[in-house]
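1. got a predicted structure here, sequence first:
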Amino acid sequence: MSTDLIEIKTIGVLTSGGDSPGMNAAVRAVVRMSTQFNIKVFGIWRGYQGLIEDEIEEMDSSSVSNIIQRGGTILKSARSQEFRTEEGRKKAAKNLKKYGIEALVVIGGDGTFTGANILSKEHGVNVVGIPATIDNDIVGTDETIGYDTALNTALEAIDKIRDTADAHERMFLVEVMGRDAGFIALETSIAAGAELVLLPEELTNVEEVKSQLKNMLKEQVRSSLVIVAEGDETGGAIKLADKIRPDFQQYDMRVCILGHIQRGGHLQLTTGYLQAGSVQRQLRY
């Protein structure tokens, strides 16, 4: 194995998959640091699909001015079915060579990294991955870019729902994002003091859920919050409510799906959701 260092003069940067708060800050950092070291940077629009379709343009420091506080991604994002094919990846590699791009910086989540890994193995592309996903499902990092902000967004909404639940003595089933990973559901449930949380990593016993809710009613708990990850095998909060509502007809049950508000918004640099940070981290790990 050669130990010679590769002097890279030209790189490309793209954002791919679901957007997350902080992607623009990551793009800005890549461009500004590269130009500082006289490395040419090409921005690739619409992720891997843009790489295949040659949507590539050179960037400089002015290209990333006034974006650090913005949500979303200025480079846009897309999920590319064509990149999943060998022919699609050949087109992508050809365009990298066309612009003399010697290394690719990919900003995204698990699917983005999987694609980058395959591209590297098939075509020898030098790749650096920056983990940015609200799901926090990237091995090797404590918190991915956007995860903390998504938690704060969900917690702020849940705090408001709790007020209404208390005022009307209602049961709320709140669905948060998390198709395959339940980090958002778990940590928001801890910080918000929810009575139950349902995760995609754990099988949900609907009868057990009913039993626990009935026990809370016996203890005179007049309002309650159940946090449901969208990937829970019951089918999410709406389907779970349909399954348990017949046993609680005397109780006012509502469903709230937070949805894509967790993806949007600017990067938050606080960790307000961790009201008892060290304790909650011990619970998580």
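-> Right, received. Where do you want to start?

2. following element in sequence after the top helix by length along the chain, please.
-> Criterion DSSP state H: the longest helix present in the chain is helix 147-168. Once the chain leaves helix 147-168, the next helix or strand it forms, by DSSP states H and E, is strand 171-176.

3. show me the contact partners of that following strand.
-> Here strand 171-176 makes contact (Cβ atoms under 8 Å, 6 or more residues apart in numbering) with 154, 157-158, 161-162, 164-165, 184-185, 188, 194, 213, 223-230, 236-238, 240-241, 248, 251-259, 262. Just so you know, the C-beta spots here come from the backbone N, C-alpha and C atoms, and that holds for glycine as well.

4. could you check the angle that strand makes with helix 147-168?
-> 170 degrees (axes from the mean of the first three to the mean of the last three Cα atoms, to 10 degrees).

5. would you say Val105 is within a helix?
-> No - membership of Val105 in a helix is not supported by DSSP: H, G, I helix; E, B strand; the rest coil, which gives strand.

6. where's Val228, which helix or strand?
-> For Val228, the element it lies in under DSSP H and E is strand 224-229.

7. so what are the sheet partners of that strand and their directions?
-> strand 171-176 (parallel), strand 196-198 (parallel) (DSSP bridges).

8. out of these, deepest packed?
-> Neighbour counts (mean count of other Cβ atoms under 10 Å) averaged over each of the strands paired with strand 224-229 peak at strand 171-176, with a mean of 25.

9. just the C-alpha atoms of that strand, please, in PDB.
-> Coordinates of each C-alpha in strand 171-176 appear next as PDB, following Å, rounded to 0.1, in the frame of the first residue of the first chain:
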ATOM      1  CA  MET A 171     -54.600  12.100  25.200                       C
ATOM      2  CA  PHE A 172     -52.300  13.100  22.400                       C
ATOM      3  CA  LEU A 173     -50.400  10.700  20.100                       C
ATOM      4  CA  VAL A 174     -47.600  12.700  18.500                       C
ATOM      5  CA  GLU A 175     -45.800  11.400  15.500                       C
ATOM      6  CA  VAL A 176     -42.200  12.500  14.900                       C
END
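
10. next SSE downstream of it?
-> Immediately after strand 171-176, counting by DSSP H and E, sits helix 183-192.

11. wait, Leu217 sits on Gln250?
-> No - in this structure, Leu217 is not within contact of Gln250 by Cβ atoms under 8 Å, at 9.2 Å.

12. neighbour count for the two, which is higher?
-> Leu217 (14 against 6; other Cβ atoms under 10 Å).

13. so that one is in which element?
-> Under the criterion of DSSP H and E, Leu217 resides in helix 206-218.

14. could you dump that helix to PDB, C-alpha only?
-> Written as PDB, here are the backbone C-alpha positions of helix 206-218 (Å, rounded to 0.1, in the frame of the first residue of the first chain):
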ATOM      1  CA  VAL A 206     -50.600  -2.900  21.100                       C
ATOM      2  CA  GLU A 207     -52.300  -4.700  24.000                       C
ATOM      3  CA  GLU A 208     -49.400  -3.700  26.300                       C
ATOM      4  CA  VAL A 209     -49.800  -0.100  25.200                       C
ATOM      5  CA  LYS A 210     -53.500  -0.300  26.000                       C
ATOM      6  CA  SER A 211     -52.700  -1.800  29.400                       C
ATOM      7  CA  GLN A 212     -50.300   0.900  30.300                       C
ATOM      8  CA  LEU A 213     -52.700   3.700  29.300                       C
ATOM      9  CA  LYS A 214     -55.400   2.100  31.400                       C
ATOM     10  CA  ASN A 215     -53.100   2.000  34.400                       C
ATOM     11  CA  MET A 216     -52.400   5.700  34.000                       C
ATOM     12  CA  LEU A 217     -56.100   6.400  33.900                       C
ATOM     13  CA  LYS A 218     -56.600   4.500  37.100                       C
END
